[in-house]
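Visitor: this one's structure only:
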Ligand code: PHE
């Protein structure tokens with residue numbers, strides 16, 4: 001029996017040492033120390049021993065059990081440590097490896113132009129307003145002196161929501177003039193950028209959705225000279241000192257007198273080319289002195305106050321600013337185009 005115990009001990013210790021994992025080790029624990037294990041089998045034979053031999057043999061068996069248990073514990077700890085080590089090694093992060101570049105977005109050229117324009121107007125004491133794209137025809141037309149029957153109210157030009165033509169997608173940012181007059185104390189200096197909608201076919205200069213920047217000043221003694229000076233300053237700040245403008249007489253129902261303002265073509269410098277359709281000039285905005293009737297409808301006395309307003313086409317402004325010759329490029333959002341700004 002003594003020999004048997006010694007054999008078990010040697011075999012078990014060797015086996016523990018060779019265990020590659022905790023699972024292996026558990027199997028070995030069952031095999032040597034379990035209820036049906038080898039050590040237990042030997043102990044079951046104790047009954048055959050003489051009473052004198054039993055205590056010594058019992059003590060030896062206990063020693064072997066203790067030795068095996070201790071060896072199991074320490075092997076288990078070693079395996080655990082080794083496993084952790086391997087895991088850490090496998091998960092090592094080399095912080096010196098260059099990262100995967102994340103493509104960085106940036107502002108759209110039209111919004112770069114808008115931000116420049118806002119900056120200029122804010123510097124002149126203007127407040128920037130935001131307004132609804134779904135507008136009442138009353139504000140888009142009536143309050144702007146475009147009465148029933150005015151051609152711009154036609155269903156073929158305007159997106160209406162209802163059969164009575166009362167609610168619509170605004171066709172211009174000019175209703176923001178009315179909203180400002182109705183909600184702000186005088187004097188007023190505002191600009192109001194935003195989207196507008198018209199039933200136009202898409203081509204190099206048209207889109208059913210485009211952007212305008214409305215502007216309005218109402219104060220005492222305001223004249224057309226202030227309008228001209230302000231617009232020329234903005235154009236020079238955006239396009240460079242010496243950039244020429246041209247003020248042409250025009251008609252809008254809500255301004256009198258009215259004008260359209262062109263800026264010299266950036267491609268040909270005014271000689272005439274395909275970009276400016278041979279004109280030498282590119283139309284940027286409509287403007288004029290606010291019609292006394294529009295002031296009256298807002299409860300403002302035209303004998304005491306006067307004002308002017310303008311509406312920039314924002315796409316055109318950005319196209320002139322960045323020398324873009326097709327409006328569609330602004331909306332297509334082709335990254336190869338956008339990345340150039
Ligand atoms: N709303 C006009 C348009 O869309 C532009 C404009 C604005 C003209 C303000 C005069 C004053 O064409």
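Guide: Right, received. Where do you want to start? All figures in this text were calculated on a predicted structure; none of them were measured in a lab.
Visitor: Let me see the ranges of the helices in the protein.
Guide: All helices of the chain, identified by DSSP state H, fall at 2-18, 22-33, 38-43, 53-90, 109-123, 137-140, 175-183, 224-239, 292-297, 314-322, 328-332, 335-338.
Visitor: Quick one: residues contacting the residue of the stretch 1-150 of the chain found nearest the ligand.
Guide: Taking C-beta to the nearest ligand atom, the ligand has its nearest neighbour within the stretch 1-150 of the chain at residue 144, 8.1 Å off. (C-beta placed from N, C-alpha, C; glycine too.) Taking C-beta atoms under 8 Å, 6 or more residues apart in numbering, we find residue 144 in contact with 174, 175, 177, 178, 253, 254, 294.
Visitor: What about the ligand: which of these touch it?
Guide: residue 174 (C-beta under 6 Å from any ligand atom).
Visitor: Show me which of the contacts of residue 144 are buried.
Guide: Using 16 or more other C-beta atoms under 10 Å as the burial test, the contacts of residue 144 include 174, 175, 177, 178, 253, 254, 294 as buried.
Visitor: How about the residues of the stretch 101-250 of the chain by the ligand?
Guide: So the stretch 101-250 of the chain meets the ligand at 172, 174 (C-beta under 6 Å from any ligand atom).
Visitor: Tell me which residue is most central in this structure.
Guide: Centroid-nearest residue in the chain, with C-alpha atoms, centre = their mean: residue 105, separated by 8.7 Å.
Visitor: Nearest residue to residue 124 in space, please, no chain neighbours.
Guide: Of all residues not flanking residue 124 in the chain, residue 230 sits nearest, at 7.0 Å (C-beta to C-beta, 6 or more residues apart in numbering).
Visitor: give me the number of residues near that neighbour?
Guide: A count of neighbours around residue 230, defined by other C-beta atoms under 10 Å, yields 20.
Visitor: from memory it sits against residue 123, does it?
Guide: No: applying C-beta atoms under 8 Å as the test, residue 230 and residue 123 come out as separate, 11.6 Å apart.
Visitor: rewinding a little: specify which member of the contacts of residue 144 is nearest to the ligand.
Guide: residue 174 (4.1 Å).
Visitor: residues contacting that closest one?
Guide: Residue 174 touches 140, 144, 214, 254, 309, 311, counting by C-beta under 8 Å, 6+ apart.
Visitor: ok, so of the residues you listed, who is nearest residue 6?
Guide: Of all the contacts of residue 174, residue 6 sits closest to residue 214, with 102.2 Å by C-beta to C-beta.
Visitor: Please give the number of neighbouring residues around the closest residue to the closest one other than its chain neighbours.
Guide: Once flanking residues are discounted, residue 214 sits nearest to residue 173: 3.7 Å by C-beta to C-beta, 6+ apart. Residues contacting residue 173 under the criterion other C-beta under 10 Å number 27.
Visitor: Please name the residues that touch residue 173.
Guide: 131, 192, 193, 194, 196, 212, 213, 214, 311.
Visitor: got JSON lines for those, with neighbour count and pLDDT too?
Guide: JSON lines is the format used below for these (neighbours: other C-beta atoms under 10 Å; pLDDT from 0 to 100):
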{"residue": "131", "neighbour count": "17", "pLDDT": "97"}
{"residue": "192", "neighbour count": "23", "pLDDT": "98"}
{"residue": "193", "neighbour count": "23", "pLDDT": "98"}
{"residue": "194", "neighbour count": "18", "pLDDT": "98"}
{"residue": "196", "neighbour count": "23", "pLDDT": "98"}
{"residue": "212", "neighbour count": "26", "pLDDT": "98"}
{"residue": "213", "neighbour count": "24", "pLDDT": "98"}
{"residue": "214", "neighbour count": "25", "pLDDT": "98"}
{"residue": "311", "neighbour count": "24", "pLDDT": "98"}
